[in-house]
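Visitor: Pasting a predicted model and its sequence here:
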Amino acid sequence: MFILGNLLSATAQVLSIVLKLYMWIIIIRALLSWVNPDPYNPIVQFLYSITEPVLLRVRQLVPMSGIGIDFSPIIVLLAIVFIEEFVVHSLATMAMQLQ
């Protein structure tokens, strides 16, 4: 059983790192939207290509027309924090119980 516990622990750690990395990517994307970056810059294109599918889905689910402010990065960040607290901590707790 300790092998399954180690697998769950490693999965929780990797998922935590991926979620934190994506959180920082979302934050950088939101900050870039304030300065109007060059759309032909490869870094900007990469950031948009990796974040736009998620942000577009949130914009479709939560229509905010007429407000003038895009709250989709905030909603995605809250979802990441929820997943971190619920899923990752649940996996870590299960791993501890199996070891």
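Guide: Structure received.
Visitor: so where do the helices sit in the chain?
Guide: 2-35, 42-61, 72-83, 89-98 (DSSP state H).
Visitor: Turn those into a markdown table, including mean neighbour count and mean pLDDT.
Guide: Where C-beta positions appear, they are placed from N, C-alpha and C, glycine not excepted. Conversion of those to a markdown table gives the following (neighbours: other CB atoms under 10 Å; pLDDT from 0 to 100):
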| stretch | mean neighbour count | mean pLDDT |
| --- | --- | --- |
| helix 2-35 | 14 | 92 |
| helix 42-61 | 13 | 92 |
| helix 72-83 | 15 | 94 |
| helix 89-98 | 14 | 88 |
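Visitor: okay, how far is it across stretch 82-99, tip to tip?
Guide: 25 Å (CA to CA, to the nearest Å).
Visitor: can you give me the offset of it from its chain's centre?
Guide: 18 Å (CA atoms, centre = their mean, to the nearest Å).
Visitor: Give me the residues contacting that stretch.
Guide: For stretch 82-99, the surrounding residues in contact (CB atoms under 8 Å, 6 or more residues apart in numbering) are 1-2, 4-9, 11-12, 15-16, 19-20.
Visitor: wait, which of those is closest to residue 52?
Guide: Nearest to residue 52 among the contacts of stretch 82-99 is residue 19, at 18.3 Å by CB to CB.
Visitor: can I assume that closest one is in contact with residue 80?
Guide: Yes: using CB atoms under 8 Å, residue 19 makes contact with residue 80 at a distance of 5.3 Å.
Visitor: In contact with residue 75, which residues are there?
Guide: Residue 75 neighbours (CB under 8 Å, 6+ apart): 58, 62.
Visitor: mind running it again at 6 Å?
Guide: residue 58 (CB atoms under 6 Å, 6 or more residues apart in numbering).
Visitor: any idea how far residue 57 is from it?
Guide: Distance, residue 75 to residue 57, using CB to CB, to the nearest Å: 10 Å.
Visitor: same check, this time on residue 25
Guide: 16 Å.
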